[in-house]
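Engineer: No letters, just coordinates:
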């Protein structure tokens with residue numbers, strides 16, 4: 001039986017294709033879009049006109065070096081796509097995201113352990129953002145990146161043990177913001193950000209993100225899809241028991257726990273975990289004996305965890321990051337040597353281990369905006 005193709009559906013898919021290309025590429029001329037998408041020139045001209053009139057695409061300038069200079073187009077930054085609350089145990093970062101995938105950090109505040117106090121602090125930050133920046137009610141979402149087990153579909157925090165928050169319906173808790181709320185685990189968002197912006201994760205069949213924070217977390221993607229599991233616990237590597245004394249990986253690899261062990265050398269001031277970790281690195285390079293022993297024990301356990309990930313998932317890529325985004329850049333040779341002594345080389349062959357591409361902010365913050373962009377593209 002012959003079935004007719006729905007021209008409206010085809011046009012919608014072409015529109016998504018073009019907008020996704022522009023977001024991922026950054027900016028492009030219409031002829032470049034024709035070459036890359038293989039769509040008809042007339043369709044590109046028509047859809048680009050629609051995207052521009054809808055305020056989703058704007059002119060960014062013209063090309064250089066040619067007599068006739070084509071117009072360059074890119075995703076608009078005239079409104080924010082997301083208001084992001086990147087929640088860690090000690091500190092919450094507030095940022096806004098834009099349709100071109102970029103983001104801007106707005107403020108930071110100490111994370112209250114009491115959820116009601118947190119809710120009031122979120123509202124204050126949100127009201128300030130809305131008063132000073134343009135939002136679109138049909139697109140803009142509020143995103144919470146959380147260190148714990150999250151049911152993404154139900155917008156529900158199951159449990160964040162380090163915050164002692166449990167069973168919270170975030171959409172209901174923040175209904176007075178009058179925006180749709182998204183809630184996701186920080187490691188899942190980090191992997192989503194890597195998948196959107198980096199080619200190796202985008203092309204991978206299996207990828208894993210090992211999230212270093214006050215605790216430790218993990219995220220898995222298979223064929224480009226985040227694996228959340230039946231009870232939203234997939235990737236929760238922190239609760240895996242590692243040593244014979246029933247030590248959880250959470251205790252062994254917590255960056256806060258590591259800092260506490262060396263606090264007499266790095267100080268107990270109000271510096272962030274990232275700043276204290278930089279001090280720890282300097283002591284390592286200076287050869288401070290006690291610090292070196294503590295850190296080498298920590299890195300040994302990092303290697304064991306990586307070994308288990310390699311054997312269990314056989315991923316194409318393992319990304320390390322979170323509050324600390326240069327662990328492998330700094331300690332990679334040591335970790336690799338440890339890993340190679342406990343892992344068959346045939347199993348390690350071709351597995352890429354690297355740091356997150358995001359250095360200045362937690363990758364989960366970037367992932368919050370990517371989550372909204374992906375949702376928008378699916379529903380366009």
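Structural biologist: Happy to help now that I have it. The model shown is predicted, which means the values in this text are computed figures rather than measured ones.
Engineer: Show me how far stretch 304-313 is from its chain's centre.
Structural biologist: 21 Å (C-alpha atoms, centre = their mean, to the nearest Å).
Engineer: Helices along the stretch 151-300 of the chain, start to end?
Structural biologist: Secondary structure of the stretch 151-300 of the chain (DSSP state H, counting those that start in this stretch): helices at 170-173, 186-197, 199-203, 249-253, 255-261, 263-266, 273-286, 289-313.
Engineer: Please identify the deepest-packed of the ones you listed.
Structural biologist: helix 186-197 (a mean of 28; mean count of other C-beta atoms under 10 Å). Any C-beta I mention is one placed from the backbone N, CA and C, and that applies to glycine too.
Engineer: got the contact list for the worst-scoring helix or strand of the chain on mean pLDDT?
Structural biologist: One helix or strand of the chain scores below all others by mean pLDDT, DSSP states H and E: helix 263-266, with a mean of 85. Applying C-beta atoms under 8 Å, 6 or more residues apart in numbering, the contact partners of helix 263-266 are 259, 276, 279, 280, 283, 288, 290, 291.
Engineer: got the contact list for the closest residue to the last one other than its chain neighbours?
Structural biologist: Taking C-beta to C-beta, 6 or more residues apart in numbering, and ignoring the residues beside it in sequence, residue 291 has residue 283 as its nearest neighbour in space, at 4.4 Å. Listed by C-beta under 8 Å, 6+ apart, the contact partners of residue 283 are 262, 265, 266, 291, 292.
Engineer: now residue 361
Structural biologist: 86, 93, 95, 103, 105.
Engineer: from what I can see the last one touches residue 91, true?
Structural biologist: No - counting by C-beta atoms under 8 Å, residue 105 stays clear of residue 91, with 11.9 Å between them.
Engineer: what is in contact with these two at once?
Structural biologist: Joint contacts of residue 105 and residue 91 (C-beta under 8 Å, 6+ apart) do not exist.
Engineer: buried residues in stretch 86-95?
Structural biologist: Under the neighbour-count criterion of 16 or more other C-beta atoms under 10 Å, stretch 86-95 has 86, 87, 88, 89, 92, 93, 94, 95 buried.
Engineer: ok, so of those residues, who is nearest residue 323?
Structural biologist: residue 88 (6.7 Å; C-beta to C-beta).
Engineer: ok, the closest one to residue 163 distance?
Structural biologist: Distance of residue 88 to residue 163, given as C-beta to C-beta, to the nearest Å: 9 Å.
Engineer: Disregarding residues adjacent in the polypeptide, which is nearest to the most centrally placed residue in the chain?
Structural biologist: Centroid-nearest residue in the chain: residue 190, 2.3 Å away (criterion: C-alpha atoms, centre = their mean). Nearest non-adjacent residue to residue 190, counting by C-beta to C-beta, 6+ apart: residue 363, 3.9 Å away.
Engineer: the helices in the stretch 1-150 of the chain, which residues?
Structural biologist: 7-25, 30-37, 41-53, 115-132.
Engineer: Among these, which comes closest to residue 308?
Structural biologist: Proximity to residue 308 (C-beta to C-beta) singles out helix 7-25 among those, at 32.9 Å.
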